[in-house]
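Student: pasted the sequence and its predicted model underneath.
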Amino acid sequence: MQDVWRTGINWDDALPPNLLAVWKAWASELEFIAKLKIPRCFRKQSKPLEYELHVFTDASKAGFGACVYIRTKYGEENFSLNLILAKARVAPLRQLSIPRLELQGAVLGARLCASAVKELGPIASNVTYWCDSQTVLQWIHPTRCKYHAFVAHRITEIADTSKASQWRHLPGNLNPADDCSRGISAIHLTTQHRIMRVGGRHAHSVHSTCVHSGIRQASYHPGSHQSTLHHVDPGGT
């Protein structure tokens with residue numbers, strides 16, 4: 001829709017051949033959405049020992065997005081992980097730099113998390129935010145620098161609902177929010193996709209970290225605003 005808007009054509013005008021092909025391809029994939037089923041219950045019958053929320057944010061030239069997961073612990077090696085919220089937005093017509101788009105994604109993540117915490121109540125008190133932009137993390141952590149109004153206003157909003165110490169870094173290739181910012185075709189958006197595949201054995205390998213098989217633990221380094229990711233065998237149990 002944004003590409004159509006940029007062309008300046010009227011509502012009653014026929015689409016140019018290149019945009020018409022894109023539209024038809026998109027419309028033909030809508031039927032696959034009906035096959036996607038997302039479990040609404042995020043806890044088992046047994047009483048959980050603790051809950052954690054993990055928020056991922058990302059941006060690209062196309063847009064920015066965020067997703068929120070809840071991690072439920074039942075025992076030392078017994079966890080479940082569920083996607084509970086996600087949102088994506090296209091980049092504005094007024095071109096922004098990638099760091100500013102990443103900051104928009106961080107604001108969106110903070111807003112989504114605030115909504116989740118409001119609905120879930122006390123069980124959602126343990127929250128970790130994940131971002132692959134070092135620039136955004138540098139902005140979020142307090143400094144004596146004075147930022148442009150665009151950055152300052154958004155950092156203030158983020159600070160209103162989160163602490164700087166809750167924001168961690170992870171590599172972009174491990175960030176599930178990357179799919180929110182770049183988009184996924186309906187054909188590939190299945191329960192086996194990485195943004196959805198968060199249950200089973202993929203959950204136990206996450207210890208206060210990110211939702212990705214192969215990651216065991218993340219230790220935070222305040223001086224560099226980075227997390228050291230310790231890998232384990234993804235096929236292990």
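Tutor: Ah, there it is. Numbers count the residues shown, from 1 in each chain.

Student: ok, which stretches of the protein are strands?
Tutor: Listed in chain order, the strands of the chain (DSSP state E) span 50-59, 63-75, 78-90, 127-131, 167-169, 215-221, 226-231.

Student: chain neighbours aside, what residue packs nearest to T135?
Tutor: Counting by C-beta to C-beta, 6 or more residues apart in numbering, T135 lies nearest to P99, which is 4.2 Å off, once chain neighbours are set aside. Using the backbone N, CA and C atoms, a C-beta is placed for each residue, glycine as well.

Student: wait, what's in contact with G63?
Tutor: 88-91, 101, 180-183 (C-beta atoms under 8 Å, 6 or more residues apart in numbering).

Student: redo that, cut-off 6 Å
Tutor: 88-91, 181 (C-beta atoms under 6 Å, 6 or more residues apart in numbering).

Student: re the thing from before, how far away is the residue nearest to T135 from I38?
Tutor: According to C-beta to C-beta, to the nearest Å, P99 and I38 sit 32 Å apart.

Student: one more: W167?
Tutor: Distance, W167 to I38, by C-beta to C-beta: 27 Å.

Student: and the pLDDT at P122?
Tutor: Note for P122: predicted pLDDT of 85.

Student: let me know the pLDDT of L101.
Tutor: Predicted confidence (pLDDT) for L101: 95.

Student: okay, now it: neighbour count?
Tutor: Around L101 there are 24 other residues, counting by other C-beta atoms under 10 Å.

Student: same thing with the one 4 residues further on?
Tutor: Here the count is done by other C-beta under 10 Å, and G105 has 29 residues near it.

Student: that one: what's it in contact with?
Tutor: Here G105 is in contact with 57-59, 64, 66 (C-beta under 6 Å, 6+ apart).

Student: what about 8 Å?
Tutor: By C-beta under 8 Å, 6+ apart, the contact set of G105 is 57-59, 64-66, 131, 177, 181.

Student: and S46, how many residues sit next to it?
Tutor: A count of neighbours around S46, defined by other C-beta under 10 Å, yields 9.

Student: what sits against it?
Tutor: Y74.

Student: gap between it and V90?
Tutor: Noted for S46: a distance of 42 Å to V90, by C-beta to C-beta.

Student: quick one: which of the contacts of G63 is most hemmed in?
Tutor: Counting by other C-beta under 10 Å, top hit in the contacts of G63: S181 with 25 neighbours.

Student: test my guess that that one contacts D58.
Tutor: Yes. S181 is within contact range of D58, at 4.5 Å (criterion: C-beta atoms under 8 Å).

Student: returning to that earlier point: show me which of W167 and I38 is the more surrounded one.
Tutor: In this view W167 and I38 are compared by other C-beta under 10 Å, and W167 has more residues nearby, 24 against 10.

Student: please name the nearest non-neighbouring residue to that one.
Tutor: Per C-beta to C-beta, 6+ apart, closest to W167 is Y129, 4.6 Å.
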